[in-house]
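Colleague: sequence plus predicted model, see below.
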Amino acid sequence: MSFEWPWQYNFPPFFTLQPNADTRQKQLVAWCSLVLTYCRHHKIYTLDVMEAQESPIFNNKKIERKLPTEAVQIIFEELRKKGNLEWIDKNKSRCLIMWRRPEEWGKLIYQWVSKNGMTNSVFTLYELSNGDDTAKEEFHGLEEWMLLKSLQALQLEQKAEIIAFNDSKGVKFF
Amino acid sequence: FQIRGVGPCSPLHLLNMSKQLETFKTHLEEFASKHKQEIRKSAQFRVQFQDMCATIGVDPLASGKGFWSEMLGVGDFYYELGVQIIEVCLALKHRNGGLITLEELHQRVLKGRGKFAQDVSQDDLTRAIKKLKSLGNGFSMIPVGGTYLVQSVPAELNMDHTVVLQLAEKKGFVTVSEIRSSLTWETERAKHVLEHLLKEGLAWLDTQAAGEPQYWLPALFSELYSRDVSPEEASQLMP
């Protein structure tokens, strides 16, 4: 299924940081939403800022509009504040995009575990993200760093405990 | 239907007129009860009915109670339509700042009524909006390029603003140069109006256009017409 752009994407002013405060608020909310749904659709988990600026997200060639760097940074900052983005480096050139926050992934994983009566079982991280049993689940294929964060969130809720094996990690659910 | 008889203003003449008016009203009542169904179902019929009422100086929508709205349900029809119009305008307000073309409003009202609902015309919408306006709901209709923009939010729009909206209708956006040349205004005046439209959330600024900045109105952005409010958009509506 191809990605459906929101109406704002083909609206030229969407690529100009709006001077009116209320309108700018709406604009930022729409941009944040667009970045997250785009990444979700394409299963993108990390973004390189320079690359992103040239990508279709911020660059609509059809209407010849491009979101300026300053605005892109404002959007990334908004996403960070909402918990959907984490900078990988100090220079803020690469970031993790969490179109689903760790808590939300954790919930999904735990639902699967309890639905299948697997509490008190132990899994390796690999089994969870790449095992045959989870093939139909949304968290299948989840990148390890994201999976780990999600399990850490569950750990905080005392629903799971992360275990260290010899050269890998596992998790026990309660 | 002719008023015949003696010279104007004589008592006999007035009595004659009064009797004939009475007869006319009775006929109209019979007609109305016979065609009540049709009034609800047919837009064309409603227009003809309204015209007929107008010739005897009766406004079926003038009061909530009384013969016309109770017996015919004409009032109910327009009241319900008014409620629908308000719903559509509220749902889209965050996009277009409270300004919508009559076409888009019509399209969305029809959609909301579903396949088997009664047919609703632009004339119906116009009447319902006029009624809303008289009830002080902040509604008004601005003529632009052969159609209307329906304003559902009382943004203060004066003649200057309105005339710029009309200019913008053609392409969906307008520039200072266009205003200067089409309306022969000074730059200051043009900028003042455009600033106001930005402030009211009716227009967005585009600085990447070739030449000079363009001021776009979501209400006139035709690509928007068939786009429903997405779940993402709807969730943004909640404060």
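Modeller: Thanks, I have the structure now.

Colleague: got the buried residues for stretch A:77-93?
Modeller: For stretch A:77-93, the buried set under the neighbour-count rule, 16 or more other C-beta atoms under 10 Å in any protein chain shown, comprises A:78, A:79, A:84, A:85. For glycine as for every other residue, the C-beta is placed from the backbone atoms N, C-alpha and C.

Colleague: off-centre distance for the helix or strand where residue B:12 lies?
Modeller: Applying DSSP states H and E as the criterion places residue B:12 in helix B:11-34. Centroid displacement of helix B:11-34 relative to its chain, using C-alpha atoms, centre = their mean, to the nearest Å, is 33 Å.

Colleague: now it: average pLDDT?
Modeller: Here helix B:11-34 scores 77 as its mean pLDDT.

Colleague: okay, the buried residues of stretch A:77-93 in JSON lines with secondary structure, distance to residue A:168 and pLDDT next?
Modeller: Formatted as JSON lines, those follow (DSSP: H, G, I helix; E, B strand; the rest coil; distance: C-beta to C-beta, whole Å; pLDDT from 0 to 100):
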{"residue": "A:78", "secondary structure": "helix", "distance to residue A:168": "36", "pLDDT": "95"}
{"residue": "A:79", "secondary structure": "helix", "distance to residue A:168": "31", "pLDDT": "95"}
{"residue": "A:84", "secondary structure": "coil", "distance to residue A:168": "28", "pLDDT": "92"}
{"residue": "A:85", "secondary structure": "strand", "distance to residue A:168": "27", "pLDDT": "94"}
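
Colleague: dump those residues to JSON lines, plus distance to residue B:40.
Modeller: Output for those, formatted as JSON lines (distance: C-beta to C-beta, whole Å):
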{"residue": "A:78", "distance to residue B:40": "50"}
{"residue": "A:79", "distance to residue B:40": "52"}
{"residue": "A:84", "distance to residue B:40": "51"}
{"residue": "A:85", "distance to residue B:40": "55"}
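
Colleague: dump the residues you listed into JSON lines; add distance to chain B as well.
Modeller: Putting these into JSON lines (distance: C-beta to the nearest C-beta, whole Å) gives the following:
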{"residue": "A:78", "distance to chain B": "13"}
{"residue": "A:79", "distance to chain B": "14"}
{"residue": "A:84", "distance to chain B": "13"}
{"residue": "A:85", "distance to chain B": "17"}
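
Colleague: circling back to that earlier point, now for the helix holding residue B:12, which elements pack on it?
Modeller: helix B:67-72 (3 or more C-beta pairs under 8 Å, 6 or more residues apart in numbering or on different chains; DSSP states H and E).

Colleague: can you check what angle separates the helix or strand immediately after the helix it packs on in the chain from helix B:11-34?
Modeller: Later in the chain than helix B:67-72, the nearest helix or strand by DSSP H and E is helix B:74-96. Orientation of helix B:74-96 against helix B:11-34 (axes from the mean of the first three to the mean of the last three C-alpha atoms, to 10 degrees) gives an angle of 70 degrees.

Colleague: is there contact, residue-wise, from helix B:74-96 to chain A?
Modeller: Yes. Judged by C-beta under 8 Å from any C-beta of the partner chain, helix B:74-96 comes into contact with chain A through B:94, B:95.

Colleague: try stretch B:147-162
Modeller: No. Stretch B:147-162 lies apart from chain A when judged by C-beta under 8 Å from any C-beta; the minimum separation is 12.2 Å.

Colleague: how long is that stretch end to end?
Modeller: Start-to-end span of stretch B:147-162 (C-alpha to C-alpha, to the nearest Å) is 13 Å.

Colleague: distance from it to the middle of the chain?
Modeller: Counting by C-alpha atoms, centre = their mean, stretch B:147-162 comes out at 12 Å from the chain centroid.
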